[in-house]
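**Q** Need coordinates for the below:
(one chain, ligands or ions: 2)
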Amino acid sequence: MMMVNEEEDDELLGVLGYKVRLSEMAEVALKLEQSGTFIGSDVAEVPVHKDGRLDGFLPDLPRRSGRNRLMSRAHKSRIINYVSSLSYFNELLSTTMGSTVDAADKGVNGTASAKKPTVIFVLGGPGSGKGTQCAYIVEHYGYTHLSAGDLLRAEIKSGSENGTMIQNMIKEGKIVPSEVTIKLLQKAIQENGNDKFLIDGFPRNEENRAAFEKVTEIEPKFVLFFDCPEEEMERRLLGRNQGREDDNIETIRKRFKVFLESSLPVIQYYQAKGKVRKIHAAKPIEDVFQEVKAVFTPEAEKVKNNTCVIL
Ligand SMILES: Nc1ncnc2c1ncn2[C@@H]1O[C@H](COP(=O)(O)OP(=O)(O)O)[C@@H](O)[C@H]1O
Ligand SMILES: Nc1ccn([C@H]2C[C@H](O)[C@@H](COP(=O)(O)OP(=O)(O)O)O2)c(=O)n1
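**A** Ligands and ions are numbered 1, 2, ... in the order given. Okay, the predicted model is just below:
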């Protein structure tokens with residue numbers, strides 16, 4: 001009897017894309033617990049149906065009854081559910097479990113690759129033109145644009161339980177806790193079929209940076225930094241006219257202060273690693289994009305374009 005159950009669970013894991021077996025589950029759980037703060041309270045919060053079913057996964061699998069069995073099954077489901085919801089766990093499990101877990105090539109949705117995506121951080125003060133330039137980069141270079149601010153604003157609109165907290169922080173020009181923003185970014189990356197992303201307005205402080213690195217183990221390819229004087233940014237924000245609650249002079253001043261105190265150090269951190277590509281942003285939009293293009297165009301391409309053939 002036990003064998004049959006184990007086979008079913010192994011099959012379940014297999015369909016989810018993992019080659020870890022039920023008999024190894026305890027060890028997996030231990031490794032997950034040991035793997036640090038980012039799991040923390042999350043594991044406890046993973047929604048698992050009260051009868052232990054994996055919500056949204058394999059609804060046709062036979063269910064079993066019996067109190068003890070259900071308890072242990074719920075526990076396993078919780079782990080599987082959590083693991084499955086995060087594609088980067090493929091990587092984490094491979095490294096923490098060594099050869100015991102053979103991570104799958106494909107993610108849960110069957111499309112995303114377990115390979116880490118290419119990420120470019122797009123940073124700069126409020127109103128420096130990050131969003132505007134990202135739209136051009138998307139059009140020319142096929143990246144997917146993820147704006148941390150847009151994701152947070154969408155979260156407020158969705159009526160989520162964090163909505164009020166996020167709204168208050170944005171109104172005050174403060175930075176929302178990393179845990180919240182990173183979850184939104186991860187979800188957006190996971191749900192997207194692309195493998196290259198512009199992450200705009202993130203990381204905005206040291207906490208954002210360190211948590212993202214720890215959780216995803218993704219290093220940005222480079223950091224695009226839009227450098228713009230405050231007076232120009234202030235002018236742009238006051239004229240942005242998108243009905244944003246934080247585009248008023250009082251909040252704008254607070255955001256500038258937070259940028260100087262918390263965001264610039266992140267740019268300096270990447271500067272020291274030789275990763276910052278600085279763009280002079282106090283120019284007309286098209287001129288700024290010319291500079292951006294120079295960063296994105298590979299060297300070989302530049303030489304080709306500049307070659308003058310003398311007959
Ligand atoms: N180079 C530029 N010159 C003048 N206005 C700009 C320029 N780039 C963006 N803007 C305008 O300034 C405002 C802020 O730009 P946005 O891209 O939203 O900045 P960010 O994403 O950095 O907050 C928008 O109204 C935008 O149309
Ligand atoms: N990583 C981030 C990015 C934005 N936020 C919040 C706080 C910011 O003041 C607002 C608006 O950010 P957004 O990038 O949309 O806009 P600005 O660059 O400030 O014009 O969102 C955050 O808390 N954490």
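
**Q** contacts, neighbours, all on C-alpha from now
**A** Will do.

**Q** Could I get the pLDDT score of P298?
**A** At P298, the pLDDT value in this model is 79.

**Q** If you could redo that for D9, that was the one I meant.
**A** On the pLDDT scale, D9 gets 63.

**Q** The stretch 151-300 of the chain: helices as residue ranges?
**A** For the stretch 151-300 of the chain, the helices defined by DSSP state H, counting those that start in this stretch occupy 163-171, 178-191, 206-216, 230-238, 249-258, 264-272, 285-296, 299-306.

**Q** nearest to ligand 2, of those helices?
**A** Nearest to ligand 2 among the helices of the stretch 151-300 of the chain is helix 163-171 (4.8 Å), distances taken as CA to the nearest ligand atom.

**Q** The closest one near ligand 2 anywhere?
**A** Yes: contact of helix 163-171 with ligand 2 (CA under 6 Å from any ligand atom) involves I170.

**Q** and that helix, what other elements does it pack with?
**A** For helix 163-171, the elements it packs on are helix 148-157, judged by 3 or more CA pairs under 8 Å, 6 or more residues apart in numbering; DSSP states H and E.

**Q** so which strand or helix has S128?
**A** Using DSSP states H and E, S128 sits within no helix or strand.

**Q** Spell out which parts of the chain neighbour ligand 1.
**A** 126-132, 236-237, 239-240, 281-285.

**Q** Just the buried residues out of the residues you listed, in ChimeraX syntax.
**A** Provided next is the ChimeraX selection string for whichever of those are buried by 16 or more other CA atoms under 10 Å:
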select :126,127,128,129,130,131,236,237,281,282
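
**Q** just for the stretch 151-300 of the chain, where's the confidence low?
**A** For the stretch 151-300 of the chain, the stretches with pLDDT under 70 are 299-300.

**Q** ok, now with 90
**A** 193, 298-300 (pLDDT under 90).

**Q** quick one, what contacts G125?
**A** For G125, the contacting residues are F226, D227, C228, E230, M233, F256, F259, by CA atoms under 8 Å, 6 or more residues apart in numbering.

**Q** what's the most distant pair in those?
**A** Farthest-apart pair in these is F226 and F256; separation 14.1 Å (CA to CA).

**Q** Look at these two and report which has more neighbours.
**A** More neighbours surround F226 than the other of F226 and F256, with 23 against 19 (other CA atoms under 10 Å).

**Q** how about the residues of this structure near ligand 2?
**A** Taking CA under 6 Å from any ligand atom as the contact definition, the chain meets ligand 2 at 125-127, 148-150, 170, 173-176, 201-204, 255.

**Q** Would you check that K174 makes contact with V258?
**A** Yes: the pair K174 / V258 is scored as a contact, 7.1 Å apart, by CA atoms under 8 Å.

**Q** Report the closest residue of the stretch 1-150 of the chain relative to ligand 2.
**A** Among all residues of the stretch 1-150 of the chain, G149 sits closest to ligand 2, at 3.2 Å; criterion: CA to the nearest ligand atom.

**Q** and that residue, how many neighbours does it have?
**A** By other CA under 10 Å, the residues close to G149 number 16.

**Q** Could I get the contacting residues of it?
**A** G149 neighbours (CA under 8 Å, 6+ apart): G201.

**Q** per-residue pLDDT, it?
**A** With respect to pLDDT, G149 scores 98.

**Q** where does I218 fall, phi/psi-wise?
**A** With angles defined as degrees, to the nearest 10, I218 sits at phi -100, psi 130.

**Q** Look up how far I189 lies from the closest residue to it other than its chain neighbours.
**A** In space, and not counting its chain neighbours, I218 is closest to K116: 6.9 Å by CA to CA, 6 or more residues apart in numbering. Computed as CA to CA, to the nearest Å, the K116 to I189 distance reads 10 Å.

**Q** which of the two has more neighbours?
**A** Using other CA under 10 Å as the criterion, K116 and I189 rank with I189 on top: 20 against 16.

**Q** bridging residues for the spatially closest residue to that one that is not a sequence neighbour?
**A** For I189, ignoring the flanking residues on the chain, the nearest one in space by CA to CA, 6+ apart is F197 at 7.9 Å. Counting by DSSP bridges, F197 forms beta bridges with V119, T144.

**Q** Can you name the residues that contact F197?
**A** Residues in contact with F197 (CA under 8 Å, 6+ apart) are P117, T118, V119, I120, Y143, T144, H145, L146, I189.

**Q** mind redoing it with 10 Å?
**A** Applying CA atoms under 10 Å, 6 or more residues apart in numbering to F197 gives the contacts 117-121, 138, 142-146, 189, 220.
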